[in-house]
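Peer 1: Output the structure for:
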Amino acid sequence: MSQTITVKVKLLPTKEQASILREMSQTYLSTINTLVSEMVAEKKSTKKSSKDISASLPSAVKNQAIKDAKSVFKKAKKSKFTTVPVLKKPVCIWNNQNYSFDFTHISMPIMIDGKVTKTPIRALLVDKDNRNFALLKHKLGTLRITQKANKWIAQISVTIPTMEGTGVKVMGVDLGLKVPAVAVTDDEKVRFFGNGRQNKYMKRKFRSERKALGKKKKVNAIRSSKDKEQRWMKDQDHKVSRAIVNFAKDNKISVIRLEQLANIRQTARTSRKNEKNLHTWSFYRL
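Peer 2: Numbering: from 1, shown residues only. As a prediction, this is how the structure comes out:
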């Protein structure tokens, strides 16, 4: 038995590397959408190989694009083509045979002056005592690179062997804002916890309340509002944590693996309007 999780690593590309990654991500996206539209028009899966794709991408990346396009086509076919997904967020993906990670740089083939060149891109250094350091020693899967505002994030899928034969069941938990917590057991049972939309509304309500109090210069009332908000947040974390533990007990889970919290505010995927919530929510307390 094994479990696949995603480890996020912050990339620090040079201006030239960032420009190349941006262009490759757009090309990768348009390649997939073009292939999907062709398959939908013909109502059958493509037989094209990387040699048939004229896009300025390494052959390994072209093959990954074909694979992703086929996956999108299958979803469209399953819905009898009533809905055909169109990818909008630029991304670029390499399979595990075409990149390497030495904990300081991620090296992958990129296009430089029209030629494929394996290039190291600086990654955020990982402390050797950090959980991510241990996780990345396991079998690495696909590498997915995306840009969030001015930040570049590498998402590496990692396959972790579970404690087979020991009777020990493992569950992984990821944290976020839109969905406060997501748990996945080693037999692929998934459960979502908390209400991100409600949390966002309450945080906005408390901020609005303090802004009004600030105009009236009611310092004590502002302090009381902050305390009330902290008590409410703590209560939400308590309810989510209790629900996670109950879910673990119901599924006879012995080990809960929580995602690495170091640099979570830099690597968490969120929109600009959620940034205030991102920097005021206590992930560590949960």
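Peer 1: For the rest of this, base every contact and every neighbour count on C-alpha atoms.
Peer 2: OK.
Peer 1: looking at this, Trp152 is in a strand?
Peer 2: Yes: with DSSP: H, G, I helix; E, B strand; the rest coil as the criterion, Trp152 is assigned to a strand.
Peer 1: Can you give me the neighbour number for it?
Peer 2: Other residues within reach of Trp152, judged by other CA atoms under 10 Å, total 21.
Peer 1: Excluding chain neighbours, give the residue nearest to it in space.
Peer 2: Spatial nearest neighbour of Trp152, excluding adjacent residues (CA to CA, 6 or more residues apart in numbering): Leu11 at 5.2 Å.
Peer 1: Tell me how many other residues crowd the one you found.
Peer 2: 23.
Peer 1: quick one: it from Lys205, how far?
Peer 2: 35 Å (CA to CA, to the nearest Å).
Peer 1: Equivalent analysis for Gln155, please.
Peer 2: Gln155 is 34 Å from Lys205, by CA to CA.
Peer 1: would you put the C-alpha positions of stretch 192-203 in PDB?
Peer 2: Included here for stretch 192-203 are C-alpha records, laid out as PDB according to Å, rounded to 0.1, in the frame of the first residue of the first chain:
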ATOM      1  CA  PHE A 192     -13.700  17.700   3.900                       C
ATOM      2  CA  PHE A 193     -13.900  19.600   7.200                       C
ATOM      3  CA  GLY A 194     -15.000  23.100   8.200                       C
ATOM      4  CA  ASN A 195     -16.700  25.900   6.200                       C
ATOM      5  CA  GLY A 196     -14.200  28.200   4.500                       C
ATOM      6  CA  ARG A 197     -17.000  30.500   3.200                       C
ATOM      7  CA  GLN A 198     -18.500  31.000   6.600                       C
ATOM      8  CA  ASN A 199     -15.000  31.600   8.100                       C
ATOM      9  CA  LYS A 200     -14.300  34.300   5.500                       C
ATOM     10  CA  TYR A 201     -17.700  36.000   6.200                       C
ATOM     11  CA  MET A 202     -17.100  36.100   9.900                       C
ATOM     12  CA  LYS A 203     -13.500  37.500   9.500                       C
END
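Peer 1: Not counting it itself, show me its contacts.
Peer 2: Identification of contacts with stretch 192-203 by CA atoms under 8 Å, 6 or more residues apart in numbering yields 177-183, 229, 236, 240, 243-244, 274, 277.
Peer 1: Show me how far it is from its chain's centre.
Peer 2: On the basis of CA atoms, centre = their mean, to the nearest Å, stretch 192-203 sits 19 Å off its chain's mean C-alpha point.
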